[in-house]
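J.: test case, fold it:
(2 chains)
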Amino acid sequence: MPSSVPHSASSLNAYNDLLATRRHFFSQCRVGLGAIALQQLLSDQALAKSVPTQVTNPLSPRPGHFPARAKNVIFLFMAGGPSQFDLFDRKPKLMELDGQPAPESFFPKDKSFAFIGKGAKLLGSSRKFQRYGECGMELSELVPHMGQVADDLCWMKGMQTDVFNHGPAKLFMNTGFQVPGRPSMGSWVTYGLGSESQDLPGFVVLQSGPRGPRAGNALWSSGFLPTSFQGVPFRGVGDPILNLRNPQNITPNQQRQFVDLVGQLNRIRFDTTGDTEIVTRINAYEMAYRMQSSAPDLMNTSSEPVNVLERYGAKVGENSFANNCLLARRLIERGVRFVQLYHTDWDDHGGPGANLGAPFVQRCLEVDRPAAALIHDLKQNGLLDETIVVFGGEFGRTPMGELREGIAGRDHHINAFTMWAAGGGFRAGHIHGQTDELGYHVTEGAMHVHDLHATLLHLLGFDHEKLTYRFQGRDFRLTDVHGKVQHTLLT
Amino acid sequence: MLKRVALLISLALASQATAQQPVNFNRDVRRILSDKCYACHGPDQRHRQAELRLDVRDSAVETRDGRAAITPEHPETSELMARIESQDPDTRMPPPDQGKQLTEREIETLRTWISQGAPYAEHWSFLKVGEVPLPTVKTPSAVRNGIDTFVVQRLEEHGLTPSPEADKSTLIRRLYLDLVGLLPPPEDVTEFLLDHRSTAYNELVERLLKSPHYGERWGRHWLDQARYADSNGYTIDGERFMWPYRDWVIKALNLDMPFDQFTIEQLAGDLLPHPTREQILATGFHRNTLINQEGGTDPEQFRIETVMDRVSTTGAVWMGLTVACAQCHTHKFDPISQREYYQMLAFFNHGADVNNVGPTIDVHPGELFADSVDLDRLTELQRASNDVDQLESQRIERQRAWEATQLAHTLPRQAPETLAWTTLKISQAKGESATFKTLPDDSVIATPGVPREIYVIETVPLPAGTTVASIQLRVMPDESLPQHGPGLASNGNFVLTALEAYLGDERLSLVSASASRAPVTHPAIALIDDNPGTAWKSEVDTSSTDDSQREYTAWVSPANPVTTNGRPLKFLLKHELNNDYNIGRLQLSISSVPVDAGSDVGFMSALRTPTDKRTKEQEQILTAAFASVDTVWKEAKARVERFRTELQLGPAVKSMVMQELPSRRATYLLTRGDFLQPDREGGTIEPDVFQILPKMDPVQSPDRPTRLDLARWLVRADNPLTPRVTVNRMWMHYFGRGLVETENDFGSQGSPPTHPELLDWLASQFIAESWSQKAIHRLIVTSATYRQSSYHRAELEAIDPLNLLLARQNRVRLDAEIVRDVALVASGKFNPTIGGPSVQPPQPEGVYSFTQNRKEWRVATGDDRYRRAMYTKFYRSAPYPTLTTFDSPDFQSVCTRRARSNTPLQALTLSNDEAMYEFAQGFADRILANIPEASDKDRTDDGIRLAYLVAYARPPNRPELNTARDFLQQQQWNAAATELTATQKAAWTALARALINTDEFITRE
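T.: Residues are numbered from 1 along each chain as shown, chains lettered A, B, ... in the order given. Alright, predicted model coming up:
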């Protein structure tokens, strides 16, 4: 039996056709023959020749609609929604009007905020800002390392989203829909491109911070896409996943023989039933087997040079955003298509434990250095050209303050916030979009979440309107019926 | 080709009609308006634009400024058409920046609909469940029962035929997995395969419906909805004991408790008249909500969270509605206003629990299950338990009545100092090891003895005719005692927990007790309350040199004066609370007159104080006194204990239950759902149900309906949602998909039913069968539709890829628990015990790397390793990994439908998990035990056949047999070997391991 799958490229369509043909063949035969005789026939055939590779491996790499600028994505998801005012969007006017009541116009009839209402006061940032790089991006004192790579990043200051609650907004940023059950970005991308890695999942999720992100595994779900494309959560330390080791006394050779047998029996069953879920399962066993050796190797960050570890601020064996950034690079090196890092919790509404003072500073300390190190490292290794790195949360924060127990924070804001992207065809050192003097609205260069999705897919070689999957009689897309590719952001 | 397109379209369900066909509002139009228009022109007043509603026909056809949005029969003059077809971005609807453009087809549908008069219809799920006649079909031979007529008729419409019946092996395995969640034993399979009677299938169905494992299988589905778990949730996530509720569910399902009763007891069992223990236990349903144990949390905040969770759970489970949307604003798509949401919340706003354990009920392991204990004895136990509960619930009234009789007691009572006391002569005084010395005044002095001594003191027989109406115990100082006593403790104190008096062998019932001095926390009444945890004690002031300050005297009286008739008095003095605090010196006396202490700590003075003026201590004294004489209650309790001992029931746990506060909380609308922003100006909100649904008729207090009224309303025969939602979920478990795919959204955003008439027919059957769930199970599993083969068919793939028309069965991957259960059954180690405390089978290291605190996981060593997975202790923050890997929910909130993924992690779990490997070994042992004869040349094939029978309920086909044989050979299995070496065993373990790792093993075919 084949122990590894050839990296033959086949288009998505060909893959689907093959599946269909396979199903068709077996089903057609069933119609004409008695069940017993047929079972015999099919099984013997299945023994004689293995099922085509393309059928058994839905993750085999394939090209998109047109030549791609980027191959991989690393999405640094800042769960909770960091305050752009205290990091990326300096607003002198807002600082000046600090403590003044917010204008009436901030509370139009048709708009509401998660917590604050009329009477909320403007909150200027107390952070010092400084210009960085040739692009002259103004950044706060809390993200000095990002400043060092400012010229490598494409700054998107006009981000907009639709929803102001965490769960729905996270789902929206990940799937283009507010409700659970749709495929996430990572799933769409691996569905479209497959994965270069034959021994790790195509879509890996890492997590750091005190708790997992709200909305949980719906964020990396494959929705109605085949489950082969769903994100696989990895632990940041030790065995990244449970049950990675063989049972006691089972040698690697015995394990291989075992996996072969399971595959063989599954193939016989597929021949009988025609259910492609079995193909997915065959594939899952092959992948699982390969992961048993590749995953420990992946996690072994002690093999990294000391200066690299230091640059990230990563300590071997510690579960942290720093360590996860390093793992992200190692995953990409190993051909993983889409890596998503969640870091909690940026939801600084005010009050003890969740405000723009110590808790916010602490998050910045955890994130600033490793995120910048990742850019630096990818660049040095020549991976940045083909890898897109995205940084941002599900929404931004309000220019109005929110007081809880007398300690200030900010509420959720969907009209304007900042994200950045780098690599893979994004213009380096480019500042896109502007907000008004109080940072409430985007005045120029608006970029909706759907536009970000469309742009990312474009760089990966897809027409976002054509990357579809038919479900319940409708062709679904990541961008629903929206999204414009923002060409001005691209080189 | 045209036909195929038409079919695909109609299958799309949100389909569009052509001009020739009549447009159906519910099927064709509502979804378009709901998706694209209602957000601004729908039920939500706050976001409504231009005062236009398109969800209400009157508003849609109303003329404004000379134009109407919809002019029936005239799309050309309808503003709606003009707007949706406009090319001008300023007038186009929906506004281009909202990006909800209509497709060409949708525009055509609206045009046709308007030209046909724009008829509206109420949303299908809010309409009464109608009488549905069975349709006629062209091939009656394809029909086994009513279900099939609907399915076959649809298939015939599309020129399709159903699949043939699955083979018998598939059927028996399917039935076992669906009804009891276990593998069929090989003997049963063989018997079934050989049983050619036409009734064999139905008999099997009946047998399985009667199996106690049925309640486990279907109970697990229900527990998902009840969000049952063994921990409190949030970050601390401490352990809780809700398994008695879990067991209640299993039991109720096994008894086929009608679904209306099942509903009422869980939602409001506590409010039923004279509820039984089990009815109260049932209310644990809504106590499965989370409790946040973190320090500094506002209990009110989490109480509101809990109440909101109860609302959304009730909405999802019984009504199939996403009511939580209306928590913060009026529902944008369904006719549920924000106010109505809080009316629903007002039913649940009066619980006694406030982010804490709250009210509980004591439940013993095994108590609920009749088949593990003698049924009659258990019934008696339950009756006795009910007696105790009832007596306890009436305690105050009974105590007051007793107090009145005590007050009215005719005997005169006198202060002790005024009485003539006769000091008793002691014939024998002994302790467990303490010895006594008698002094001239007939007092005795004790040596230290052992800690917590019991003194037994016997007097000389008293002269005939002596009346004992009072007993005096003097605890006296002595120079020989530490600090001069009166106790033996180093500080001179004593702590006495009981004073019992016997005349001969007859114990005197002591009713009043008082003392010359006693701390308020340790009154003399403690001496006669039969409670080893309470005591009368001294508090010696060691700085005082006045030994009279060290004298403590207690007086007790029997219920009625007794006459000695020449018998001796005997006393037991117990020191059960503190080591070394035994009495040092004591003297006993009697009087023929009942004593009245006249002191504040005394029983009589408490009794004489009017109830509303009594101190807390006085009330405690009386309660304790009453408890000590409350023989009815004592006997009932003793009876319960006797039964429990006899039935070998373990120690009780406190299972959380619902209870209403005596006075209701005021319910306000919470602005944006924020508990800090109650809308007081809007006034209080009284409980009521959603307006779109039938009105409720509250029984007890029409103006203030309760949870009980809500529960009864939910299961009223005219409630359009409950029966539909319930049968739809049952259907979903059998076919992998409900007739309404969005089983938790029967609102306008949900998908319409694939077979609306079948859904209604099933719902009406459910009511006609008195809400018997087993009746519906029977109906479904005996249908030809259910019995079809699940094999894919090429012609279906093309036109009905999702198998919505049910021209075949679906292959369904087993639920997480069942994945483990079937491996366990294959291993032969399965422990079929039903219910009881949750267990802790082995789990891999590293489960807690993402939790705030590490949970104690004491790995079970005995039979508890082999219980069904549904009994595995479930920590919400760190669930048993095998379960979550196979998509078990985390039970943070209601789960009405599980996802089904198919991942490498599942492969790793099945192949490498310690427990799974242990099962593979057990499976191999089981096979080897059945093929012992080394001389048998068919030994290998026999083993493989048996393994297939166990795992798949079928014989292997030739390729499978060959493959397995080759594999065994590769693993150095030697059929001729007479000795079973490790290698030989390992070969079969490897095969067994592979067999429990195939897709078929974890799939219901």
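
J.: show residues contacting the strand or helix carrying A:Met400.
T.: In this assignment (DSSP states H and E), A:Met400 forms part of strand A:396-404. Strand A:396-404 has contacts (C-beta atoms under 8 Å, 6 or more residues apart in numbering or on different chains) with A:81-85, A:91, A:94, A:102, A:106, A:113, A:115-116, A:120-123, A:159, A:348-351, A:354-355, A:408-414, A:416-418, A:438-440. Where C-beta positions appear, they are placed from N, C-alpha and C, glycine not excepted.

J.: drop anything exposed from these.
T.: If you count burial by 16 or more other C-beta atoms under 10 Å in any protein chain shown, the buried members of the contacts of strand A:396-404 come out as A:81-85, A:91, A:94, A:102, A:106, A:113, A:115-116, A:120-123, A:159, A:348-351, A:354-355, A:408-414, A:416-418, A:438-440.

J.: out of these, who's near chain B?
T.: A:Phe115 (C-beta under 8 Å from any C-beta of the partner chain).

J.: just the buried ones among the contacts of strand A:396-404: which are in helices?
T.: A:Leu94 (DSSP state H).

J.: quick check: phi and psi at the closest residue to B:Gln971 other than its chain neighbours.
T.: Leaving aside its sequence neighbours, B:Gln971 sits nearest to B:Ala987 (C-beta to C-beta, 6 or more residues apart in numbering or on different chains; 3.6 Å). Note on B:Ala987: its backbone torsions stand at phi -60, psi -50 [degrees, to the nearest 10].

J.: residue contacts, B:Ala987?
T.: Counting by C-beta under 8 Å, 6+ apart, B:Ala987 touches B:968, B:971-973.

J.: and what of B:Leu80?
T.: With contact set as C-beta under 8 Å, 6+ apart, B:Leu80 has these partners: B:54, B:60, B:69-70, B:93, B:110, B:114.

J.: ok, now with 7 Å
T.: Going by C-beta atoms under 7 Å, 6 or more residues apart in numbering or on different chains, B:Leu80 touches B:69-70.

J.: which parts of the stretch 251-400 of chain A are helices?
T.: Under the criterion DSSP state H, counting those that start in this stretch, the stretch 251-400 of chain A contains helices at A:252-273, A:276-299, A:306-312, A:321-333, A:358-380.

J.: name the element A:Ala428 belongs to?
T.: Of the helices and strands defined by DSSP H and E, none includes A:Ala428.

J.: thought it was touching A:Trp155?
T.: No - the criterion here is C-beta atoms under 7 Å, and A:Ala428 misses it with A:Trp155 at 10.3 Å.

J.: between these two, which one's more packed in?
T.: A:Trp155 (26 against 19; other C-beta atoms under 10 Å in any protein chain shown).

J.: for stretch B:288-308, output the C-alpha coordinates as CSV.
T.: Extracted as CSV, the C-alpha positions of stretch B:288-308 are listed here (Å, rounded to 0.1, in the frame of the first residue of the first chain):
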residue,chain,number,x,y,z
ASN,B,288,-27.8,22.4,34.8
THR,B,289,-27.0,26.1,34.3
LEU,B,290,-23.5,27.3,35.0
ILE,B,291,-22.4,28.7,38.4
ASN,B,292,-19.5,31.2,38.4
GLN,B,293,-17.5,30.5,41.5
GLU,B,294,-14.8,33.1,40.8
GLY,B,295,-14.3,35.6,43.7
GLY,B,296,-15.7,39.1,43.2
THR,B,297,-18.4,38.1,40.8
ASP,B,298,-21.8,39.8,41.1
PRO,B,299,-24.2,37.0,41.9
GLU,B,300,-27.0,39.0,40.4
GLN,B,301,-25.2,39.2,37.1
PHE,B,302,-24.8,35.5,36.9
ARG,B,303,-28.3,34.9,38.2
ILE,B,304,-29.6,36.8,35.2
GLU,B,305,-27.3,34.9,32.9
THR,B,306,-28.8,31.7,34.4
VAL,B,307,-32.4,32.9,33.9
MET,B,308,-31.6,34.0,30.3
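
J.: report the rounded mean pLDDT for it.
T.: Averaging pLDDT along stretch B:288-308 gives 84.

J.: roughly how far is it from the heart of the chain?
T.: 19 Å (C-alpha atoms, centre = their mean, to the nearest Å).

J.: go on, stretch B:757-773?
T.: With C-alpha atoms, centre = their mean as the basis, stretch B:757-773 stands 25 Å off its chain's centre.

J.: the spatially closest residue to A:Glu318 that is not a sequence neighbour and A:Phe203: what is the separation?
T.: Nearest residue to A:Glu318 in three dimensions, chain neighbours excluded: A:Val237, at 6.7 Å (C-beta to C-beta, 6+ apart). To A:Phe203, A:Val237 is 21 Å away according to C-beta to C-beta, to the nearest Å.

J.: and if you look at B:Ala326?
T.: Relative to A:Phe203, B:Ala326 is positioned 35 Å away (C-beta to C-beta).
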